[in-house]
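Peer 1: the sequence and its predicted three-dimensional model are supplied below.
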Amino acid sequence: MISVAFLFRLLLTGAILATAAGAVAQEKQPAAQEKNQTSPAPAPEEKPTPYDERLLRLAEILGSVHYLRNLCLGQPEDAWRRSAQELLDKETAGEPKRRERMTAAFNRGYRTFASVYTSCTEPATLAEERYRAEGATLASEIVARFGN
């Protein structure tokens, strides 16, 4: 039987690969600069993707699960933070504002549970399970609707 954690990681990897493929397909044209221009070129305009809200929620879920897993396992586990970092690196390359929003979402998820749970309790374990399930569903929806 496949565990929910394995399935979520598998779906998240698929989401990362699908969004990375989409990002590669959307190459940006470099802005033309005049030869005598002394001021730096303006930053490229960031265009939101149709799945940005879902990605923000996924980043928030990853932050929540990262906190709760470390709280309840009793030993450090960095897999969920690394997954979020991979998603950030692939999805927000060259887009600092999107990166900031996704980082803020991850941190919001982490801090929300850090403010509520200081020890592993049954409700904390249940919340972690539910968030992993929501994350797996969300990742599969992103891949199904927006993957290449």
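Peer 2: That came in fine, so what should we check first?

Peer 1: where does the prediction get shaky in the protein?
Peer 2: Scanning the chain with the threshold set as pLDDT under 70 gives 1-46, 148.

Peer 1: repeat that for 90
Peer 2: 1-50, 73-85, 87-88, 90-95, 146-148 (pLDDT under 90).

Peer 1: list the buried residues of the helix ranked longest in it.
Peer 2: Ranked by residue count under DSSP state H, the longest helix found in the chain is helix 122-146. Neighbour counts over helix 122-146 (16 or more other Cβ atoms under 10 Å) mark 124, 127-128, 131-132, 134-136, 138-140, 142-143, 146 as buried. (C-beta placed from N, C-alpha, C; glycine too.)

Peer 1: show me the two of those that sit farthest apart.
Peer 2: A124 and F146 (32.1 Å; Cβ to Cβ).

Peer 1: which other helices and strands contact the helix or strand containing R99?
Peer 2: Assessed by DSSP states H and E, R99 sits inside helix 96-114. Contact partners of helix 96-114 among helices and strands, from 3 or more Cβ pairs under 8 Å, 6 or more residues apart in numbering; DSSP states H and E: helix 52-73, helix 79-91.

Peer 1: what about 10 Å?
Peer 2: Helix 96-114 sits against helix 52-73, helix 79-91, helix 122-146, with contacts defined as 3 or more Cβ pairs under 10 Å, 6 or more residues apart in numbering; DSSP states H and E.

Peer 1: show me what counts as buried in the first one.
Peer 2: Right, helix 52-73. Quick answer for helix 52-73 (16+ other Cβ under 10 Å): 54-72.

Peer 1: next one: stretch 107-122
Peer 2: G109, Y110, F113, Y117, C120.

Peer 1: dump those residues into CSV; add distance to T49 as well.
Peer 2: Converted to CSV, those look like this (distance: Cβ to Cβ, whole Å):
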residue, distance to T49
G109, 20
Y110, 24
F113, 27
Y117, 33
C120, 36
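
Peer 1: perfect, I'm done here.
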